[in-house]
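K.L.:
need coordinates for the below:
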Amino acid sequence: MADFSISEALGVGTGLLTRKPLAVLAWGVLPVIVIVPFLLLFAGTLIAVISEASRAGADQSAIAAAILPQIGALFLFVLLAIVIAWVLSAMIGAAAYRAVLHPEQSGFAYLRFGSQELWLMAVGFVMGLVFFGIGLALSIPQAIVNLAMLNSDVGPRITAVLLFTLAREVITIWIWLRLSMALPMTFAQRKFQLFESWAITRGHTLQLLGFSVLAIVMLSVVNFVVLVVGVGGTFALAGGAIAAARANPQAFFASPQAVIAAAGPALGLWAVLLVITSGVSTAIFRAPFAHIYRSLAGEDAAATFT
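P.N.:
Down below sits the predicted model:
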């Protein structure tokens, strides 16, 4: 039976960092060069909402009245943000898979937008629906038990909530692991593949879990270092702006241009850190799944990788 090595899978990610650092950097740069102008486009609206909300204080009706005139722009912002994230995720995921399965196609940091990316978008969308349905289905028995225990003591109710939460997380993670080959399979075979992942991951759930945990631990270390640098840099570059916002939020947020100017250096720092964490996360966590798929597919799909 085909198998894979956890250490080799982890080595794929770290290997990309050393062999293709510019490509990994590009995977982090792409979201920034798309998202930053997008945020700047809506900066006036977002800052206006924050300003009006700060003036309203704790008055919920006043906050709602302040936000209502901006509701159309906010809805457009959220909708576009979802679409942008959907497209970027497919492009960057495909680039990571391409770097592993087709390393010779290195042009433009392996980034493309074609049929493979569109298939990944389709599978990602359906996977989202699947997990939404799973979450909904698992919440029904929990809601029934919660209602049945409404008059019970606090201790048993907390225990029931914890047990149901644990069960829901275990089931969700198990299903995610069983479907984890769907995206690399779809990319490699250039057609919609979702539940086909169920067969190829049979007997490998614990290995996939082990790889995922170790990869997340590695990323947690990176993210912790980045967070420390980011928080320290924010106070160093925009400490005065933070103090002004705390002292008089109404006056501080009155001028969107002044807010952007004051926060600009800190935002630039976070943009650089986002580049680092985004690229590294893709290399360490997403790219190895293409290697795992290739190992599990074995000779049956050998032609796909040549």
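K.L.:
for the rest of this, base every contact and every neighbour count on C-alpha atoms.
P.N.:
Noted.
K.L.:
which residues touch the residue lying closest to residue 270 once chain neighbours are set aside?
P.N.:
Nearest non-adjacent residue to residue 270, counting by CA to CA, 6 or more residues apart in numbering: residue 230, 6.3 Å away. For residue 230, the contact set (CA atoms under 8 Å, 6 or more residues apart in numbering) comprises 269, 270, 273.
K.L.:
swap in residue 24?
P.N.:
With CA under 8 Å, 6+ apart, residue 24 has these contacts: 16, 17, 109, 279, 280, 282, 283.
K.L.:
against which helices or strands is the one helix or strand the fourth one maps to packed?
P.N.:
Spelled out, that is residue 279. Of the helices and strands defined by DSSP states H and E, residue 279 is found in helix 256-281. Secondary-structure packing of helix 256-281 (3 or more CA pairs under 8 Å, 6 or more residues apart in numbering; DSSP states H and E): helix 21-41, helix 43-56, helix 205-247.
K.L.:
if we go to 6 Å?
P.N.:
For helix 256-281, the packing partners by 3 or more CA pairs under 6 Å, 6 or more residues apart in numbering; DSSP states H and E come out as helix 21-41, helix 205-247.
K.L.:
and the next helix or strand past that helix?
P.N.:
helix 287-297.
K.L.:
quick one: average pLDDT of that following helix?
P.N.:
For helix 287-297, mean pLDDT rounds to 94.
K.L.:
sorry, back to before: could you export the contacts of residue 24 as CSV, including distance to residue 79, pLDDT and neighbour count?
P.N.:
As requested, the contacts of residue 24 are exported to CSV (distance: CA to CA, whole Å; pLDDT from 0 to 100; neighbours: other CA atoms under 10 Å):
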residue, distance to residue 79, pLDDT, neighbour count
16, 33, 94, 22
17, 33, 93, 18
109, 28, 93, 20
279, 25, 92, 24
280, 27, 93, 24
282, 24, 94, 22
283, 28, 95, 31
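K.L.:
closest to residue 39 among these?
P.N.:
residue 279 (20.1 Å; CA to CA).
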